[in-house]
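Participant: what shape does this take:
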Amino acid sequence: MLKNVNLNSKEDKTSQDCVFRYRLDLESEKTPIFHHRLSELVRTVLKSLLDVIVPLKVGEDVKVDGFRWLMGREQVHQLFSQTGSSSVSSASDFAKEEHSLSSKASGPNITFQSIANAAFYEPRIDLIKRLAESLLTLIEFGYEGEPVKVDSFRLQNLQDWLVASAGDPSEIFEYAGSHCSCDCIFCCNRGNPPSVATSSNLSRTPDEEFAEIKTRIKYFSPEAEKALFPGLGCVYETTTYPYFMDMLLLLRKKTSKPFRITTNGTNLTPEMIANLAELKPIYLYLSLNSSSPTRRQRLMRDNSPEIAINSLPLLKEQGIPYAVVIVPWPADTMSEMLDDLSSTVAYAVNQEAHLIQVNLPGYSKHFSSVELFDLDQVWKEVIAKVRELREKYDCPIVAMPTLYEENTYHRRKNLPQVIGLVKNSPGYLGGLKRGDVIKQINGIPVRDRPQARDLLALVQRSGAKEASVKVQRGRQTFELNLNLARYSYPYSEDIDIYLGIIFTGTGLRMSYIETLKEVIEARQAKQVLFLSSELIKPTFEQCLTESRLFVDGQLKIDIEVPKNNFFGGNIFMGDLLVVQDFIDYIKGYIIRKGRKPDLVVIPSSPFNLSGWGRDLTGRVYLDIERETGVPVELLPCATIYD
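Facilitator: Sure thing, here's the model as predicted:
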């Protein structure tokens, strides 16, 4: 275990803290709800507060939609517009505001943080901004009797702005990914509209970026699980950053946790790979996409495709485990695409890749307004090829989103079935096979995939030297004893969590169903609308039936799937739904049914990224209830990244 180094000490002092400075918008025309400025001040403050807090009375939530003055109780002032407008500015509004303000002189060498990102990740900063702007419509600040003009504010003690952190080093080094060394024809960032809160990056020099990164490292405390509030834009390629290795060296002094780095491989020269090996544990997600120089150059517009392609044996030589990531983009005929997928997988297997991840292609309406390919046909063909390749090679191959394959090929969902094993892992060397269904772990019965993953992770963290796993293989059931101390490359005890066992994704926790029952009972609802996604709905319906928790004949749960109208194209992921998608669907549901449901329940995952209940446009989920007039509850659940 590496000893932590205080980067703020005399020996390791990096620099003064980066200044987190935000502009005030004092000139844009804003349409007030109330023309009485004092009433508008209170309304702005209360409305902004209600987007970051929930009022309580004796421990119970209190709904607030207005206020009145103590001196004039007969008049009620509504907090929310009656026109159905959003309670928070969208990211596109912030972008327009920042563009307008950036064109005004602000003095030499003065840079400002993005208020759009702040409103998404740390909305209390936006609350301060709104309060200051509202105050300045009524007062002037002064100093020694003279009025003082202000156009911005800065955070004082950054210790006040520490938030909970998972302690993952990627929370820091992803700030180095503001630029890219490729121009992939399938780049998902191209499909982000301006109103996505995380879509824009600040225009700053590498030195300015490094000042912020060093400050973030200073306040990064993996042991205390604290860090400065996030503020990421789109993350591109971190290895192109001029101070990439300097940043990793500083981070390694702070933590011995693995560095999990996503890269397109353009900078994976022998020198860089050797330098990375000095900072182990390291794991790379290498976006190779093709082992053919010609095709990689065409797909990624990489001028030196051989660097990434030739990095695989070098990584193996240095003992750095890596996943090869492939996006099978149908840039030519289906057969050519599938042939290239096969040859790329074969090359990765030959170089002992830890895992091969095939990302099924898709695009939003902002990427292309016309259909580029038949999504269902491409996905089915790719999955069929992946399943064929699994039969041929012993390297695990995962097709994401994993639920698509499960829904297509498996009648029974959520099973703890092995789809692959990391070569030379305890699971691989202990005799587990692809297709095995885990029945017990150390004598504890296993019923579903999340439970299997949890138990395997506990076993690995325990430091035990052995583990027993009972599996069903075809019609036979037998027990395997795994030697956890027996493994070699590409398996890594620092990187792998489940003894090298790869499943068909995360799975759905039965505890979510139990929580759903508690939510419905607390609301005493009888007509419930549950908004799911096309991918998760089959598993959710199965878990709901098997739970036997909903036996009340008077309770009716409608499970429906809203469309991804905001992103459009062929996107159909539940976690990419935004507030307006939910509002539009609920309003349409009410018209179709001729009634309002007693309660709408939505999985929390579309609102998890910000940590503040906001969708990808920065809009708070509370707006759904405000605009539809239907009670809305979020069902707490983890984001499914696979």
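Participant: can you report how many residues lie near residue 169?
Facilitator: For residue 169, the count of nearby residues is 22 (other C-beta atoms under 10 Å). In short, each C-beta sits where N, CA and C put it, glycine included.
Participant: what strands line up against the helix or strand hosting residue 477, and which way round?
Facilitator: If you go by DSSP states H and E, residue 477 is part of strand 476-483. Counting by DSSP bridges, the strands paired with strand 476-483 are strand 466-473 (antiparallel).
Participant: show residues contacting the partner strand.
Facilitator: Contact with strand 466-473 is made by 418, 426-427, 430, 432-433, 435-443, 459, 477-484, 499, as judged by C-beta atoms under 8 Å, 6 or more residues apart in numbering.
Participant: residue 594 versus residue 188, what's the distance?
Facilitator: Residue 188 is 40 Å from residue 594, where distance means C-beta to C-beta, to the nearest Å.
Participant: the two: which is more packed in?
Facilitator: Shown here are residue 188 and residue 594; by other C-beta under 10 Å, residue 188 has more neighbours (16 against 6).
Participant: now the residue nearest to residue 481 when sequence neighbours are not counted: how far from residue 460?
Facilitator: Among residues not flanking residue 481 along the chain, residue 468 sits closest, at 5.4 Å (C-beta to C-beta, 6 or more residues apart in numbering). Distance, residue 468 to residue 460, using C-beta to C-beta: 14 Å.
Participant: quick one, which of the two is more surrounded?
Facilitator: Neighbour count, other C-beta under 10 Å: between residue 468 and residue 460, residue 460 has more, with 18 against 15.
Participant: got a list of what the more buried one touches?
Facilitator: Contacts for residue 460 (C-beta under 8 Å, 6+ apart) come out as 484, 493, 496-499.
Participant: write the PyMOL selection for whichever of these are buried.
Facilitator: Selection of buried members from the contacts of residue 460 for PyMOL, criterion 16 or more other C-beta atoms under 10 Å:
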select buried, resi 484+496+498+499
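Participant: which of the contacts of residue 460 sit farthest apart?
Facilitator: 484 and 497 (12.8 Å; C-beta to C-beta).
Participant: got the domain ranges for this protein?
Facilitator: The record's domain parsing of the chain by automatic domain parsing lists 21-154, 510-635.
Participant: let me know the helix or strand that residue 420 is in.
Facilitator: Counting by DSSP H and E, residue 420 is part of strand 418-421.
Participant: er, residue 633 I mean
Facilitator: For residue 633, the element it lies in under DSSP H and E is strand 632-635.
Participant: quick one: residue 448 from residue 504, how far?
Facilitator: Between residue 448 and residue 504 the computed distance is 12 Å (C-beta to C-beta).
Participant: cool, and residue 639?
Facilitator: On the measure of C-beta to C-beta, residue 639 and residue 504 end up 17 Å apart.
Participant: that older thread, can you name the residues in contact with the strand holding residue 477?
Facilitator: 426-427, 429-432, 439-440, 465-471, 499.
Participant: which of those sits closest to residue 601?
Facilitator: Using C-beta to C-beta, residue 439 comes nearest to residue 601 of these, at 32.6 Å.
Participant: what pLDDT does residue 191 get?
Facilitator: On the pLDDT scale, residue 191 is placed at 86.
Participant: quick one: contacts for it?
Facilitator: By C-beta under 8 Å, 6+ apart, residue 191 lies in contact with 363-364, 366-367, 567, 569.
Participant: just the closest of the contacts of residue 460 to residue 266, please.
Facilitator: Minimum distance to residue 266 across the contacts of residue 460 is 27.1 Å, recorded for residue 496 (C-beta to C-beta).
Participant: looking at it, that closest one is touching residue 425, isn't it?
Facilitator: Yes - assessed by C-beta atoms under 8 Å, residue 496 is found in contact with residue 425 at 6.4 Å.
Participant: which SSE is immediately downstream of the helix or strand encompassing residue 46?
Facilitator: Here residue 46 sits within helix 37-49, counting by DSSP H and E. Beyond helix 37-49 on the C-terminal side, the first helix or strand identified by DSSP H and E is strand 56-57.
Participant: as CSV, the contacts of residue 460 with distance to residue 275 and secondary structure would be great.
Facilitator: Converted to CSV, the contacts of residue 460 look like this (distance: C-beta to C-beta, whole Å; DSSP: H, G, I helix; E, B strand; the rest coil):
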residue, distance to residue 275, secondary structure
484, 31, coil
493, 23, coil
496, 24, coil
497, 26, coil
498, 30, coil
499, 30, coil
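Participant: export the contacts of residue 460 to JSON lines and tack on pLDDT and distance to residue 517?
Facilitator: Below are the contacts of residue 460 laid out as JSON lines (pLDDT from 0 to 100; distance: C-beta to C-beta, whole Å):
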{"residue": "484", "pLDDT": "97", "distance to residue 517": "38"}
{"residue": "493", "pLDDT": "94", "distance to residue 517": "39"}
{"residue": "496", "pLDDT": "96", "distance to residue 517": "35"}
{"residue": "497", "pLDDT": "93", "distance to residue 517": "30"}
{"residue": "498", "pLDDT": "97", "distance to residue 517": "29"}
{"residue": "499", "pLDDT": "97", "distance to residue 517": "33"}
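Participant: tabulate the contacts of residue 460 (JSON lines), appending distance to residue 178.
Facilitator: Formatted as JSON lines, the contacts of residue 460 follow (distance: C-beta to C-beta, whole Å):
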{"residue": "484", "distance to residue 178": "41"}
{"residue": "493", "distance to residue 178": "33"}
{"residue": "496", "distance to residue 178": "31"}
{"residue": "497", "distance to residue 178": "30"}
{"residue": "498", "distance to residue 178": "34"}
{"residue": "499", "distance to residue 178": "37"}
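Participant: does residue 127 touch residue 49 like I think?
Facilitator: Yes - assessed by C-beta under 8 Å, residue 127 is found in contact with residue 49 at 6.7 Å.
Participant: quick one, which of the two is more surrounded?
Facilitator: residue 127 (20 against 16).
Participant: can I assume the more buried one sits in a helix?
Facilitator: Yes - using DSSP: H, G, I helix; E, B strand; the rest coil, the assignment for residue 127 is a helix.
Participant: which ones are touching it?
Facilitator: Residues near residue 127 by C-beta under 8 Å, 6+ apart: 45, 48-49, 51-52.
Participant: same question for residue 601.
Facilitator: Residue 601 neighbours (C-beta under 8 Å, 6+ apart): 516, 519-520, 528-531, 632-635.
Participant: still on that earlier bit, and of the contacts of strand 476-483, the nearest to residue 254?
Facilitator: Comparing the contacts of strand 476-483 against residue 254 with C-beta to C-beta places residue 499 closest, at 28.3 Å.
Participant: I figured the closest one was touching residue 425, is that so?
Facilitator: Yes - between residue 499 and residue 425 there is a contact under C-beta under 8 Å: 6.2 Å.
Participant: how much space between residue 435 and residue 418?
Facilitator: From residue 435 to residue 418 the distance is 7 Å (C-beta to C-beta).
Participant: more neighbours, those two?
Facilitator: Between residue 435 and residue 418, counting by other C-beta under 10 Å, residue 418 is the more crowded of the two (25 against 13).
Participant: about what we covered before: just the contacts of strand 476-483 now: which is nearest residue 556?
Facilitator: When the contacts of strand 476-483 are compared for distance to residue 556 (C-beta to C-beta), residue 439 wins out at 35.5 Å.
Participant: could you report the neighbour count for that closest one?
Facilitator: By other C-beta under 10 Å, the residues close to residue 439 number 17.
Participant: now it. Nearest residue, chain neighbours left out?
Facilitator: Closest to residue 439 by C-beta to C-beta, 6+ apart is residue 470, at 4.6 Å.
Participant: quickly list what the one you found is bridged to.
Facilitator: According to DSSP bridges, the residues that bridge with residue 470 are residue 440, residue 479.
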